[in-house]
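Asks: Kindly generate the corresponding structure for this input.
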Amino acid sequence: MKPDLVIVDSIQTVFSEKIESAPGSVSQVREVAAQFMMFAKQTGTPVFLTGHVTKEGSIAGPKTLEHIVDTVLYFEGDRHHNHRIIRATKNRFGAANEIGVFEMTNAGLVPVSNPSELFLQERPENATGSVVTVCMEGTRPMLVEVQALVSGTKFGSGRRMTQGFDHNRASLLIAVLEKQLGFQLAGDDVFVNVAGGMEIDEPAADLGVLAAIASSFRNLQVPPETAVFGEVGLTGEIRGVLQAQARPRSPNPSASKS
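Replies: Here you go, the predicted model:
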């Protein structure tokens, strides 16, 4: 056979007779991945190896699988949303941390040319606690809605719950609000959510999260055409972020002010 393309689904089910262990074991995965790599190099045939992931989101099996291949792509998505994300975490021949956004339709996965519009299309109007922040995914600026809800609690101390944003980072930012701006949030529940199932893990989203919490707490609306981004220090200062000049260049015309 001389195939134009080889797709192995999944690498944990393929085995080599040279190894006595069962398919999916560390030695089997390492051996068959090495054989596919040699086949790809000798014949020039592109080979895609599909691997399972654990509940924590990491590749199941040996980490040496990531070292063998040229590119590592993660296929992410929430089962409650129609869009899926392909994220490049390793790339020998190009930039890493780039993403591709796709939408599941009757015709299969269709690429989304403007992900910012997808994430903001259901944003409510004249709502408090809603702020648009700008995230960088590789070289692409992306507009994401950050929502916050601050409400009184019937218990002694308020709860802090986040979705799509680091819980510990959110607690730190709430402490900055209390210490530097005098917000009394100890007796309130604070909920933070990144709409659309997106996950944010960069410091540039700090200011957006703070603005959303303050907007909900003060019951004041942030102008819908405003995009907020910036890293927040423990003393309340706003620090510069990487690619600050590229972030306002988002293709969505609704966020023209930053």
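
Asks: which stretches of this protein form helices?
Replies: According to DSSP state H, the chain carries its helices in the segments 26-43, 64-68, 115-120, 167-181, 206-218.

Asks: Centre of the chain to the third one, how far?
Replies: If I follow you right, that is helix 115-120. Distance of helix 115-120 from the chain centroid (Cα atoms, centre = their mean, to the nearest Å) equals 14 Å.

Asks: now swap in stretch 241-251 and tell me
Replies: That offset, for stretch 241-251, works out to 17 Å (Cα atoms, centre = their mean).

Asks: What helices and strands are in contact with the helix or strand of the chain with the lowest mean pLDDT?
Replies: The weakest-scoring helix or strand in the chain, judged by mean pLDDT, DSSP states H and E, is helix 64-68 (a mean of 81). Applying 3 or more Cβ pairs under 8 Å, 6 or more residues apart in numbering; DSSP states H and E, we find helix 64-68 packed against helix 26-43. From N, CA and C alone the C-beta is placed, and that goes for glycine too.

Asks: Make a markdown table out of the helices of the chain and add distance to Gly152 and mean neighbour count.
Replies: Below are the helices of the chain laid out as a markdown table (distance: least, Cβ to Cβ, whole Å; neighbours: other Cβ atoms under 10 Å):
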| stretch | distance to Gly152 | mean neighbour count |
| --- | --- | --- |
| helix 26-43 | 52 | 16 |
| helix 64-68 | 47 | 15 |
| helix 115-120 | 30 | 22 |
| helix 167-181 | 15 | 15 |
| helix 206-218 | 11 | 23 |
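
Asks: Looking at strand pairing, list the partners for the residue lying closest to Met161 once chain neighbours are set aside.
Replies: Spatial nearest neighbour of Met161, excluding adjacent residues (Cβ to Cβ, 6 or more residues apart in numbering): Phe191 at 5.0 Å. Beta-bridge pairing for Phe191 (DSSP bridges): Leu149, Met161.

Asks: Give me the nearest residue to Thr64, chain neighbours excluded.
Replies: Nearest non-adjacent residue to Thr64, counting by Cβ to Cβ, 6+ apart: Arg30, 5.4 Å away.

Asks: any idea how far Thr162 is from the residue nearest the centre of the chain?
Replies: Centroid check for the chain by Cα atoms, centre = their mean gives Glu199 as the closest residue, at 3.6 Å. Going from Glu199 to Thr162 by Cβ to Cβ, to the nearest Å gives 10 Å.

Asks: Kindly report the same for Ser21.
Replies: 41 Å.

Asks: Neighbour count for these two, which is higher?
Replies: A direct count of neighbours by other Cβ atoms under 10 Å for Ser21 and Thr162 places Thr162 higher, at 18 against 13.

Asks: I'd assumed Val192 was in contact with the more buried one.
Replies: Yes. Contact criterion Cβ atoms under 8 Å: Thr162 and Val192 qualify, at 4.5 Å.
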